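Engineer: Let's see this in three dimensions:
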Amino acid sequence: MKILYIHVPKTAGSSINKYFSNNLKSHRFHIEGIHGLNKDICESYEFISGHLPYNVIDKMLPLEEWITLISFREPVSYVISHLSWVRQLADPGEEERFNAHPKPFQRIARKMTEYDFSNPDDLSDLITWLENENLLFLHNTQMYFLNGEHNRSTYSHSQVNAALKNLESIDLVGIQEDINKFMNMLSMKFEWPANQVVMENVSRNKYGLDINDDKITKALFPLYDKDVIVYEKAKKIFEQQAESFTKID
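Structural biologist: Residues are numbered from 1 along each chain as shown. Sure, this is the predicted structure:
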């Protein structure tokens with residue numbers, strides 16, 4: 001049995017990884033990006049997790065021999081969490097985490113300190129700066145992990161369809177909002193003990209990003225406009241899969 005978890009950041013991935021770590025004491029491998037991916041190394045492990053776009057790893061591994069997993073998150077909540085997490089890198093006391101990240105993320109984190117996240121106009125200005133500098137790491141991140149395309153601010157209709165097609169190829173799909181149900185699905189699939197999730201790697205400080213402020217969510221829309229489509233499809237798949245596991249139970 002070989003298991004691949006496509007770890008989309010900020011979608012309860014740390015908790016999911018911990019679950020597999022607890023149940024697979026050995027034979028696990030975590031990759032932070034595609035540059036750490038080596039086919040020969042991967043083939044020697046039972047479980048691989050990492051920030052890996054589906055279409056990239058599909059070209060390197062025979063995924064028909066792997067059980068593939070992925071998790072998603074409601075798009076507005078996702079963007080707020082992701083922005084807060086990157087912004088926190090520039091806070092005092094975060095120097096070790098800051099230095100551990102690639103230079104583009106360091107640059108973004110520093111730039112974020114110049115903006116008031118509670119001000120919709122400032123958020124729009126930040127997004128304009130990101131696009132002008134071609135720093136699109138925060139745009140439609142959840143879709144990126146399905147198709148690996150880098151022009152995230154201008155995804156075409158065909159690219160969206162390709163991402164949705166890849167989503168349909170993944171064996172188990174979870175959503176962060178119902179993560180305990182997803183963990184129960186995993187426990188039934190792999191015949192491991194059920195586990196109630198304690199969320200890890202959570203950004204507590206939202207820096208003024210209010211999910212209930214319509215002006216803020218509207219300003220942030222360019223960062224998640226295509227992720228809405230992905231999430232709607234992922235949630236539907238999750239609900240169908242959860243129902244099928246209930247029938248098996």
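Engineer: Regarding stretch 170-178, how distant is the last residue from the first?
Structural biologist: Start and end residues of stretch 170-178 are separated by 18 Å (C-alpha to C-alpha, to the nearest Å).
Engineer: try stretch 169-182
Structural biologist: End residues of stretch 169-182 are separated by 18 Å (C-alpha to C-alpha).
Engineer: Rounded mean pLDDT for that stretch, please.
Structural biologist: For stretch 169-182, mean pLDDT is 96.
Engineer: which residues sit against it?
Structural biologist: Applying C-beta atoms under 8 Å, 6 or more residues apart in numbering, the contact partners of stretch 169-182 are 6, 10-12, 15-16, 54, 63, 67-74, 77-78, 167, 185-186, 189, 196-197, 199, 231, 234-235, 237-238, 241-242. The way it works is simple: take the backbone N, C-alpha and C, and place the C-beta from them, glycine included.
Engineer: With stretch 7-17 instead?
Structural biologist: Residues outside stretch 7-17 that contact it (C-beta under 8 Å, 6+ apart) are 5, 30, 49-52, 69-73, 78, 81-82, 85, 141-142, 145, 174-176, 179, 182-183, 186, 197-201, 203.
Engineer: Just the buried residues of those.
Structural biologist: By neighbour count, with 16 or more other C-beta atoms under 10 Å, these hold 5, 30, 49-52, 69-73, 78, 81-82, 85, 141-142, 145, 174-176, 179, 182-183, 186, 197, 203 as buried.
Engineer: Mark which of those residues are part of strands, please.
Structural biologist: Counting by DSSP state E, the part of those found in strands is Tyr5, His30, Ser49, Gly50, Leu69, Ile70, Ser71, Phe72, Gly174, Ile175.
Engineer: List the contacts of Ala90.
Structural biologist: Counting by C-beta under 8 Å, 6+ apart, Ala90 touches Phe98, Ala109, Arg110, Met112, Thr113.
Engineer: Buried only: go through the residues you listed for me.
Structural biologist: Buried residues within the contacts of Ala90, counting neighbours by 16+ other C-beta under 10 Å: Phe98, Ala109, Met112.
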